[in-house]
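*Asks:* please work out how this folds:
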Amino acid sequence: MNVAVCRRYGPPDSVTIEAAERPAPGPRDVLIRVRATTVSSADWRIRSLSMPHGFGAVARLAFGLRAPRQPILGSELAGEVVAVGSAVHRFGIGDAVIAFPGIRLGAHAEYVCMPEHGALVHKPAHVPYDHAAAVAFGGITALDFFRRAALRAGERVLVNGASGTVGSAMVQVAVDAGAEVTAVASGRNAGLLHTLGATRVIDYRQTDFAAEGERYDVIVDTVGNSPYLRAKHALRERGRLLLVLATLPELLRAPWVTLTTGHRVIAGPAAERLDDLRTIVRMAAEGRFTPLIDCCVPFQQIAQAHARVESGRKRGSVVVRLDGGGERRFAEGYRPNPGGALSSAGLVNTFVKHGMDSTRRRLDVHSHVVARPAPPQSRAHRLSKGRTTGRPTAMKHPSSRDCHDGGADVSPRLSDSASSTAPLRRVRFTAPP
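*Replies:* Numbers count the residues shown, from 1 in each chain. Below you'll find the predicted structure:
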């Protein structure tokens, strides 16, 4: 089999394709033929050793002094089971699955072994492999941080860096929980972020959210440029600052801030929980969460995917395909519909090349849900009447031609066929014990 390996810390071309022996599953393992994976910001940082301030030495101890201890990067994948161990009962040969190796890495290979009871779930039949592969990294991070923040419906949330993999997931999960979301990103992404559910978009080039006088219950920083000293001016009393990307000094200062102020700072790596993977996959299957796709590249060009991520210009995830796919972007049964209105099967999305206009349904994935009708003047209400004034948003970016494989570089809303008249529900987060 072929694997992408990183034998030294360095630029994107330090990742090369090599031949390796196909792994053999143990008694409780599942062997997966990988159809798609992603190059994430974590892969870029490990490959280049570009860590937040203070974490350089720590990273070398964790990942390897002179080169990555695990040379095969990649933390998420989608594929099909080709072999199972003798003691495996949850999965069978031919099952389509989504896996999240997480910090163990190893997803950038044609075949990957996963423990049966690890972060491994069945892939919904109607979710394409390239979208399934991009569900876990951002989605699990969003669920974990909002759980720690005990996000509640009706709260005001600001997401700094809202157009990235984690940021776009934060926007969607917060909206699904009933929060009012303000997104901070480049102005060219405003239409896209409104489509994902953001009520307001701040162009960081024009406005400093920390100085404009607005206050928020929760501020999420996925960029690393909003430490507490900056963000505190935009936090309400008892507000929470979620530092998804934090420097070592900020991480060490977080407990002191929490003890001595009326705010909470929540930082540190996201927990990798099987329950969160199940939740985010179900949300994707039900149309409540769509991983934002920047572009897709073939496996042989994975170094180009690393370069795209390192450029800082991507929007959403950079997907790497191992199935030899060309322009095919949707699973069988998913076709663009130019009408952009509701059909008898539920929500139907409008897709155009480099653009999209879609809305979402909210269904239950947790044991605690709150049923509520859509607000009378909401966009969801207008769509339920078969009318929408939304327009496709241009999504061209300078490097998309180099990175893209020929299909539309947008993410379709992965809705199911449930009735569009079902009551809207939202996820609820409770504080950890």
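*Asks:* number of residues surrounding residue 248?
*Replies:* Residues near residue 248, counting by other CB atoms under 10 Å, number 15. For glycine as for every other residue, the C-beta is placed from the backbone atoms N, C-alpha and C.
*Asks:* that one touches residue 59, doesn't it?
*Replies:* No - applying CB atoms under 8 Å, one finds residue 248 not in contact with residue 59, separated by 10.5 Å.
*Asks:* in the lengthiest strand in the chain, what's buried?
*Replies:* Secondary structure of the chain read by DSSP state E shows that its longest strand is strand 29-39. Across strand 29-39, burial judged by 16 or more other CB atoms under 10 Å covers 29-39.
*Asks:* same deal with stretch 300-309?
*Replies:* Residues 301-309 are the ones in stretch 300-309 that count as buried (16+ other CB under 10 Å).
*Asks:* which residues touch that stretch?
*Replies:* Residues outside stretch 300-309 that contact it (CB atoms under 8 Å, 6 or more residues apart in numbering): 4, 12-13, 15-17, 39-41, 43-44, 47, 108, 294-295, 297, 314, 318, 320, 399, 402-403.
*Asks:* and if we set it to 6 Å?
*Replies:* Stretch 300-309 is contacted by residues 4, 12-13, 15, 39, 44, 297, 314, 318, 320, 403 when judged by CB atoms under 6 Å, 6 or more residues apart in numbering.
*Asks:* going by distance to residue 64, which of these wins?
*Replies:* Lowest distance from residue 64 to the contacts of stretch 300-309 (CB to CB) belongs to residue 15, with 14.8 Å.
*Asks:* that closest one pairs with what?
*Replies:* Assessed by DSSP bridges, residue 15 has beta-bridge partners residue 6.
*Asks:* if I pick it, what's in contact with it?
*Replies:* Residue 15 makes contact with 4, 6, 302-303, 306, according to CB under 6 Å, 6+ apart.
*Asks:* just the ones in strands from these, please.
*Replies:* Counting by DSSP E, the contacts of residue 15 place 4, 6 in strands.
*Asks:* next, format the contacts of residue 15 as JSON lines and append pLDDT and distance to residue 63.
*Replies:* Converted to JSON lines, the contacts of residue 15 look like this (pLDDT from 0 to 100; distance: CB to CB, whole Å):
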{"residue": "4", "pLDDT": "98", "distance to residue 63": "16"}
{"residue": "6", "pLDDT": "97", "distance to residue 63": "10"}
{"residue": "302", "pLDDT": "97", "distance to residue 63": "19"}
{"residue": "303", "pLDDT": "97", "distance to residue 63": "19"}
{"residue": "306", "pLDDT": "97", "distance to residue 63": "16"}
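*Asks:* dump the contacts of residue 15 to CSV, plus distance to residue 96.
*Replies:* As requested, the contacts of residue 15 are exported to CSV (distance: CB to CB, whole Å):
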residue, distance to residue 96
4, 22
6, 28
302, 22
303, 28
306, 27
